[in-house]
Each structure stands twice: as structure tokens, then as C-alpha cells.
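# this is the structure alone, sequence omitted:
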């Protein structure tokens, strides 16, 4: 690995050379390439013998360039690690946070790679080497009270913000005067030891509380055929954690469901899990500090879907009538966040009219966008066990054949997220510190989110 | 890119907010101001103030402004006890070291001092910086300090020092005494500290890439494995992949040890393990098969539920490759490769590629249904890929009826792109299943006057020629088409039109005669296109000769229905080569590293240039020799022979040979190289020679054809010759590489061109004809 840069929209915000065999020209070449329309952009490409690998997160590109034959997975995983680290240390992964904290980030980059080889990369092990205190951005001032920007690490492209109370504190606060080299609060003796990984934080971090945040995210892929039958119903789940726990406690996490071939198809662990499941549903591990994904699981034949969609299509000579019925299939005390439903309409559409059977309760808004050739239907919130019906009449050019109209309308796509809902019924039964009687402060949330939720018409 | 793509509104607001003062533009006079501030701060020794100034400078450096002139003043601040100030100064120095190498010696004293600091953090920082200066002047100091730091009591310093060795080797390989250094590095692999072990391996890979991985090293790495971080684990597995286990038990041990690791979610680690498993079981067929079954589930999980789309992309590329080895492995899991609504295009494209390749008797119905949904999703690229995939699935014989149905459906859709892409795909489909033409061709015919895409027109006109009776109106459709837009058609469409019209004429002479006549006259008299002109001439002569024979000749090449595979399907040889580079960029590029890596490209260009010089020298010498000695009798005879051949060929050229080449095409070695690398498909042929052919004669006889030698020479007992030719009037370029193994006398000729059709039908015969004059037994 030769070099790494982080940039945003033609502005390079952080740039670091590790092997000094390439130069800044590569930044321009990169921007030129990705903004060219004619290329099929892939996250790895080669121009004149130089390899460019990038990930895109929060509208930013994290780019690595090299002339060597590297593993693309290694590079992408590493770039993901870098972005998580920046988030852990600066409290948010935004352009402003990076600009405000570039000295801190240079400190990180200096330790992360040496001559292109990964060195210390865990949030915790880097603490002794970071002396700059983070400058926090003012996100809180102009976001709603309950909105968290630190989340959505998995799906940065959704337009949905997830409510909740996950932390947006930076993970590390070096104490004043710590950077005075010879009087550093880090005991040099700890560095002489054999393993750096085992160094626990010795910094006098005043504001660190003994907290752990747990998000159980489930991403749903559902596909309905036009007759309402389910063609595909998958859950991709992840238990995401952010740990501010002091010391290196041994944590035990119990789940309500046993993980076996009857309940899940497959699952993968974070490296901190050495042993796998105990008694089928308990995990023991020492969580690293900062954000990480403890467990990922996959269920390919789920029989539950949080929203049921029924469509009915009637085609006349010069118009289409489409009825979309949406039912929320969860407990009434649960409420979904904003739902966005998109319905593509035929090219020859002249005009659209629509009506909602039960009025526009729940903050519903239906709009026809001629430029995008679709209708959007927004529902600000929806409680469980409710139903709403949209009727759309599309006037089209009478010369268009019926078969074509049928092809061109739909599919109906849903985007949503529902807090406090676990579609797989996997829940956290307990989370405790095995070596302490005082439990850590736990913040646990459940979120069900659409990944690809589509009904064909 | 525009900011509206960014969905986070808060984010945009933030940029309008106030920004810190050091983000303003670098104004005139600011450099002077900074200079003064630096001088001042080096006197005052106020760490906070110095930090602020240095941060400002670092920021300018990051955004690409030139602040290198501040170098002498920045280094005045190097001697400080504040770590952040020190780090910033060293960051600056490393960045501008190359442009200020004469001033570097001024900081060496401070760095030397820091290498002896009581704080290991500062010692390591100094060693790292000293080795990163990239300057020959400081190598001596780096070496001295690195050698001492290699045995530092702090593991942090040791792990930094061993990378320092690799850096010094990179700047000046000769300044390392390998006899002294290598045993130390080998010793450090046996260190107790995890990162020191990993870095020692990294350094060794740089200094001596082919170092032997011993049993002892493997045992040590396995014992330490749990202490390594994820990147170290990847590196360790890569190292073990280079090791050859001596017994089957050892293989089983390694498999069992890493088997539980397949549950982890780091895709880099999983792919490293997969590569290791495939490699060490290479010669153990039964275990090898089990390995494939074992890795399937983890691969699917990583693809479905990964950290980011980019990681999925890499995994999908590897699944695509594994498919070529184990075509049945993923057949039952086809639903995992259905596109998701918000998948990026690069993921969708790969999934469609995989879907078409895993399609089989059992799953093709579902896959076809799914693909047909993509056709109407509205994205042109997706439409094309889906239709091509549907066409590809027609390899499954029982799918043909179903596919006919889909194609008919698409043709009736009236969406220009869907119709055009379908027409192109249908041509190959009908070549496989002529019996399906009766349902498709009538529908297709109606599109002739509507479609715009010339590839689609070519394909459709071909169909009309093959099945002139499928539609009552065929001749009149053709006539209407000619009247509507003949003059604006590209040459490829005109050529196809001429051939097809002739074929329609044979089937339906009365209706077609006037059309054909006009078309021939037009092509013969008014066309500036040599291809078209020659073809018209050929047809005219054949028709004059005998109508019956003409019909036989023209319809004889329709061996339709006997085709089992197309050329494109047969690229497994390339895939095998790529397979060797599992878990590298070659898999996502679908190319072997020899075609794209910087060092390889540079080497190839150098080879070509060398060969080109050699050739010029040879020619010069040859000319001199010619001047001196008179040609021998034998040579005279041969020349006559050649003349005769040229005459014969010349006489036939008017009729058959419609490929006119430029007499003196120009192409630089760099352009040759570039084009050669660009074109993936090549046509290869091998010819066993009895003697080494006379290179000069080959050159001169090919030159008369317009095929020019760019370079030749002998490398590693291989004679390499590079030729190129270009069709006149901006026609396609043809590139040829001849490799002659001087020992076995096996001659391998590789042809490349963007225009494969013309390469196969026209150029290769011409080339071989030229070659046969010098190598008579070639056919």
C-alpha cells in the first residue's frame, strides 16, 4: 500500500504520502475519472499503472493509491477502519469534523500506516499516541433533539435519519499538558512491554463514563410479486456497538434466540469474539473501544414483513388506475419513522390525479414528478396495525400499447425505518460485566430498516 | 459531482457556517508573515502559539499550496519538548524533504538527539522521520540509528526500526549490508511482540521477496496468531500460503486451525484464508472439493451483509472467478445474486454477470423472469446487460421457447433502447435456434424503419436476408428503408444491406430485382467505401457468372444451427491465469497483473524500445551488407518466386481481397503498447517450425502487404517480433506479436484488433499469405 488520501468534492482535505513514489497529481486524475460520465465507475480502477481504490461515505471519498498488487478487500476494509477511527476520535464523520481536527487526524494517520504497512489500528491502542484534543463540531445546534448523525454507518445513502440516543462524544480526550513530551502522562514503561494492544487507557480522561451503546439493526430485502405473493424475504442483521467501557472488561451478551440453522442461515463475528456462542445464545468477549460490529447474521427465508403491500392495476384505453394498499404489520405501540414510497409511471404519462382513502392523516404527501417520471408518497409516521390506501389515476397517450403500460408502471418501492422493532425476534436478553457486580450503563436500540423493499405491479 | 447528491441537509448548512481563520486563502505577503511568526516563536518557545502557526502551515500543505520556502524557519522549531509541535515539524519536513535536501543536514542533529530520547515515543518518531526523508544524504544517519533501534528495549521502537530498514533499502539498496541485516530481521520474526513480527515480515518481503518460509517460522506464526491484529493476521496467512506443507496431516492441521476463522466478518481475512485453502489443497483433489463447499457460505454472507458496497464488490468479483472453476457451486444460491433496488451499478453489473453464468436447467426460469424485470427498470446500462444475459442463457437448450417469448415481448415494448438491444441479442439467438426465427422475425421486421441504433439495424437486416420469407412485405420494407435513409447509413449497415438484399433476391427475385440493381449500381459507382465497392464488384461478377452458382456460394456459409459455442465463451485460459492472483486487484479488474501494474508496463515499454533500436541497427547493417555483396543465385530465384506470388495475388485482389492496408502506417512503440494492453481478446495460433525463419525476409515480404515491423529482437532465447498494420481510411488497427521459441522452434502468433470480425475474416488470411512466402510449410 503506497499512499492514502481523503477528499471531498474536488477538495483534498487530508493527504498523506507513505512511500513517496507517487505525487499529488493522482488527486486530479482521480477526480477527473470519477466525474467522467462515460466510465462505469467501480471502486477500484487503474490508470497508467497506478491503482486507485476508494470507498464513499457521507459524500466523501476515502482514497488509497498504490502501484503494488494489493488485495482489494484488504484495502476497502482498511479504508472502512480509517473512517470509523476518524468518527471515534472526532465524534462525527463529516467534512467539517475532519477539517477542524486535521492535526489529530494526521496523528492517527502517522500511526496507522508506516511505509504503507498497517500498524496500530484499533481505537484503543492508538490512544497513547494522540495528543490533540478533538474540536467538536456544532452538529447539535442545528439538528433536531433526537437525531443522531453518528449512526447510519451501514447505509450512508439512505435519506432517513434514525432517532435515538446513541452517543456522539469523541472516544478520547487527552488531558491538558499531556503533550509535554517529557512530562507525558503516559508511562514510558508501558511502551516497553511486549504488546501494545494490552495497554489500557492511562489518560486522565475526565469525562469518560462507563457506557456501552448497542444497536440491533435489521436490513430488510423483500420482494412481492404482482399477485401479492412473497418472492423474497431476507433479513441482514448486525449488532453494532460503541463502547466507552473503562478497562478491558469481559462482557457477556445473551440473546433471546438460539443461533442455529433453524433460526439463521449464517453469521459472522468480530475478531474480539474468540469462542463463538456459548449455550447457543451467549457471547463472551472483551469489546474494543469505539465503534465496531459485534455480530452479523443473515436470514434468507423470513416469514415476517413489517409492511404488507397490495396493489391493483386496471388499464383502460388511455388511463391506468392503480390502487396501493399499505398495512403496518406490527404492534400499535410501535411507530415507524418517515416512509417514502416511489412509483414509477409510464413515459407517455400526460397527467396524474390521486386520492387517499383515509385522508392525509399521519402527514401524508403525494406528489407527481414529471421530470423523474414517478409519483412519491410520503408518510411522516405510521403506527402499527394501521392501513392507508392510495388511488392513482394516470392519464397516458392513447397510442401506447397496454402491454407496455403494464411494464412501465411500478414497481412500488418502499424506504422506511422503524425503531424498536426486531423482525427476526432476536433481542438482547442481558449484557453484563462478568468481573463486576455493577453493570455498565447500557443503551440498547432496535431498528428495522428497508434495504430493498419492492412490490411489483 | 454536485452537492445535491449529498442527502444530509445539515451537512450543507455547516459549510456555510463560520470556518476557522486558518482556512482562508494564502494571500500575498502571508508567507513573509508566517516566516516572521516562525522566527518569533522559535525565540519565545510558546508551544501553543507555535502549534497554531504550524497547523496553519500544515493546512496549506494539505490543500496543495507551496509553503516549502518556509523550510529553514520550520526546522528552527524542531527542538522542542512539545510532542504535537514536534510531530507537526516532522510531518512538514518529510513532506518537503525532497525539495530541500541541502537543508536536511540542519535537522539531522535534532533527529539524532531524539533517537536517544528517554521517551520511546519520541525515539520511534525520530527513527520513522529520519528514514522517511527519502534522501541519500541522510541515509548514513538513518542506518546508524536504525541499527541501534532494532534492539531497543521498547517494542514500539523496534517495530518502527525494522520498517526503517525497508525504507533505507528502498532509497539505496547498496547501503544495507545484507549479510549483517538479514539475520537480524530473521531473528525479529521470532520476536515476542506481535507488530515487530509482522513488520519484520513486511521488511523482508521488501528486501528479499522470495525469502524461504520455513516450518519453524510457520509454527511460530501460528502460535502467535491470536495476538496479531486483523491486518497482521492477513499478512501471516499470506506468508503461510507461500509455504508448502510436507505431509497431508500438516495440511489438515492448517485447515482445521483456520476453519473457525471463516466465521469472522473481515472480508480481507476470509479471502486470505480462502486463497490459503485453495493453494495448499491444490494437489489433494478430494479435500480441494470440500474446500469449495466450505467457503461458499462465508462468501455469500460477506457479500450480502458487508461493511460497505465496496467490500461486497470485491467479494462478488471473487465469486465470479470461483464460478469459472466450480460452475455448479453457486447454482442453488442464485437468488442471492438478484439485484437490489439500491445496489450501485457496479454491483448490479456483476450480479447479472454471475446470474447468467450460474443459470442452468433447474434455475433458468426464475433467473430469466428476474432479468426481464431489469429490462424495464429504466436504466439503459442495466437494460443492455439484462438483455445480453437473457441472450446468453439460450445456451440452455430447453430455455429457447421461453426466451423467444421474452424477446417477442421486448420487441413489442416500443421502447427504443429495449428494442435495439434485443435486436442485437436476437441475432446470436437465431444463429443457435433457427427454428425460432418464424415467431421473432415478423415482429422484428416491423422495427426496421423505426430504430436508430446501427448495430441493431445491422442485426435486423441480417435476419431479413436469412429469412426472406418470414414476412410478406420484406422486399418492400427494404425498399422503404433504402428510400428513407440509405445515404446516412454507416458503411457496416450498407454492407449488410447489400448481402441481405442479394439473399432476398434469390428467394424472391421478381420483387427484389429492381432494388438489388439500384443498390449494386449505387455501390459500384457512387460509393467511396472500398469495402462496399469491392463487395458489390464481387457480387456483380458472381451474378454474371451464374445465378444458380451464386446462390449456392452465398447460402453455403449458413451453417446456422450447428453452433455450439461462441468465441466469447472461451476465455477460461485467461481466467486460469488470473486465478493465480486470487485476492488481488487482478480479480476485480479481470486482468492479469502483467497487463496493468506500473512496473510491468514500464518494463514492456522498455523492451519494445530496446527491440526497436536493435532492429534499426540490424536494418542498417543489412543495407550495408547488400551494398557489398551481390545477391546469390538462390536469392534471385526466391525473389522471382515472390514476384510471381505477388502477381497472382494482385490479380485476385480486385475481387476477393477487400482489405486495403495503408502503405506506411505510423505507430510509436508507446501507442502500440497502449493499444495492445487495451484490447483484451486476442487470436492466437501456434505453428511448429522446422528451422528458424529468415527474419529479414519475413520483414520485407510483409512490408509489401503494408504490414510493418515495429520492433524485433531476441530476449531469453525467444525471438520476438512486433508488427502492425492499419486499414486505409481510418479503418481498424491490427497488432501482431510473433514469439519464436529458439529452442523448440514453436512459433506463437497473437493477433489483436478492435475489429474482430475483420481481423478473422480478412486480416489473418492476408497475414498468413504474406508469411507463407518465407515459411512455405506454414499451411
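Structure received. Given the structure is predicted, the values throughout are model-derived calculations rather than measurements.

# beta partners of the residue of the stretch 351-457 of chain A found nearest chain B?
Closest residue of the stretch 351-457 of chain A to chain B, Cβ to the nearest Cβ: residue A:452 (3.7 Å). (C-beta placed from N, C-alpha, C; glycine too.) Beta-bridge partners for residue A:452, by DSSP bridges, are residue A:221.

# residues near it, how many?
20 (other Cβ atoms under 10 Å in any protein chain shown).

# hang on, isn't it packed against residue B:341?
Yes - using Cβ atoms under 8 Å, residue A:452 is in contact with residue B:341, at 4.1 Å.

# give me the domain ranges for chain B.
Domain assignment for chain B by automatic domain parsing gives B:359-556, B:633-778.

# who are the contact partners of the residue of the stretch 351-457 of chain A closest to chain B?
Going by Cβ atoms under 8 Å, 6 or more residues apart in numbering or on different chains, residue A:452 touches A:221, A:222, A:223, A:413, B:340, B:341, B:342, B:343.

# and it, what pLDDT?
pLDDT for residue A:452: 91.

# hmm, back to that, tell me which of the domains of chain B sits most buried.
Highest mean neighbour count of these: domain B:359-556, a mean of 18 (counted as mean count of other Cβ atoms under 10 Å in any protein chain shown).

# near chain A at all, that one?
Yes - shown here: domain B:359-556 in contact with chain A (Cβ under 8 Å from any Cβ of the partner chain) through B:373, B:376, B:378, B:381, B:409, B:412, B:413, B:414, B:415.

# residue of the stretch 1-150 of chain A nearest chain B, please.
For the stretch 1-150 of chain A, Cβ to the nearest Cβ, closest residue to chain B: residue A:49, 3.2 Å.

# count of neighbours near that residue?
Other residues near residue A:49 number 14, with proximity taken as other Cβ under 10 Å.

# give me the distance between it and residue B:387.
Separation of residue A:49 from residue B:387 (Cβ to Cβ, to the nearest Å): 35 Å.

# can you give me phi and psi for residue B:368?
Torsion angles at residue B:368 (phi, psi; degrees, to the nearest 10) stand at phi -60, psi -40.

# what's it in contact with, if anything?
Remark: with contacts taken as Cβ under 8 Å, 6+ apart, residue B:368 is in contact with B:359, B:390, B:393, B:399, B:402, B:403, B:406.

# against chain A, how distant is residue B:335?
6 Å (Cβ to the nearest Cβ, to the nearest Å).

# ok, that residue touching residue A:233?
No - using Cβ under 8 Å, residue B:335 makes no contact with residue A:233, being 10.8 Å away.

# can you pull out the helices in chain A?
Assigned by DSSP state H, chain A shows helices spanning A:25-34, A:72-90, A:95-100, A:102-112, A:123-126, A:139-142, A:188-192, A:402-408.

# which helices and strands does the fourth one pack with?
Read it as helix A:102-112. strand A:11-17, helix A:72-90, helix A:123-126, helix B:47-62, helix B:83-96 (3 or more Cβ pairs under 8 Å, 6 or more residues apart in numbering or on different chains; DSSP states H and E).

# in contact with the residue nearest to residue B:367 when sequence neighbours are not counted, which residues?
Computed as Cβ to Cβ, 6 or more residues apart in numbering or on different chains, the closest residue to residue B:367 that is not its neighbour in sequence is residue B:359, at 4.9 Å. Neighbour list for residue B:359: B:334, B:367, B:368, B:392, B:393, B:396 [criterion: Cβ under 8 Å, 6+ apart].

# hmm, which two among those are most spread apart?
For those, the farthest-apart pair by Cβ to Cβ is B:334 and B:392; their separation is 14.4 Å.

# quick one, domains of chain A?
If you go by automatic domain parsing, chain A breaks into A:3-142, A:231-303+A:425-447, A:307-415.

# just to revisit the earlier point, out of the contacts of residue B:368, which sit inside strands?
Judged by DSSP state E, those include no members of strands.

# closest one to chain A out of the residues you listed, please.
In terms of Cβ to the nearest Cβ, no member of the contacts of residue B:368 lies closer to chain A than residue B:406, at 11.7 Å.

# surely that closest one meets residue B:372?
Yes - the pair residue B:406 and residue B:372 passes the contact test of Cβ under 8 Å, sitting 5.3 Å apart.

# overlap in contacts of the two?
Common neighbours of residue B:406 and residue B:372, counting by Cβ under 8 Å, 6+ apart, are residue B:390.

# count of neighbours near whichever residue of the stretch 101-250 of chain B sits closest to chain A?
For the stretch 101-250 of chain B and chain A, the shortest gap (Cβ to the nearest Cβ) falls at residue B:231, measuring 3.7 Å. The number of residues packed near residue B:231 is 25, by other Cβ under 10 Å.

# need the contact list for it.
Counted by Cβ under 8 Å, 6+ apart, residue B:231 has contacts A:74, A:78, A:118, A:121, B:198, B:268.

# which residues touch the fourth one?
Spelled out, it's residue A:121. Residue A:121 sits next to A:78, A:81, A:85, A:112, B:229, B:230, B:231 when contact means Cβ under 8 Å, 6+ apart.

# and for the fifth one?
Applying Cβ under 8 Å, 6+ apart, we find residue B:198 in contact with A:117, B:159, B:228, B:231, B:232, B:235, B:236.

# wasn't the second one part of a helix?
Yes - according to DSSP: H, G, I helix; E, B strand; the rest coil, the state of residue B:159 is that of a helix.

# my guess is it meets residue B:201, correct?
No - if you go by Cβ under 8 Å, residue B:159 and residue B:201 don't touch, sitting 11.4 Å apart.

# need the nearest residue in space to the residue of the stretch 551-700 of chain B found nearest chain A, chain neighbours excluded.
Per Cβ to the nearest Cβ, residue B:598 is where the stretch 551-700 of chain B lies closest to chain A, at 3.2 Å. Residue nearest to residue B:598 in three dimensions, not counting chain neighbours: residue A:49, with 3.2 Å by Cβ to Cβ, 6+ apart.

# now which of the contacts of residue A:121 would you call buried?
For those, a burial check counting by 16 or more other Cβ atoms under 10 Å in any protein chain shown picks out A:78, A:81, A:85, A:112, B:229, B:230, B:231.

# how about low-confidence regions in the stretch 201-350 of chain A?
By pLDDT under 70, the weakly predicted segments of the stretch 201-350 of chain A are A:201-208.

# tell me where it has strands.
A:211-224, A:230-243, A:251-255, A:266-269, A:282-285, A:290-299, A:307-315, A:319-328, A:335-336, A:339-344, A:349-356 (DSSP state E, counting those that start in this stretch).

# cool, thanks, talk later.
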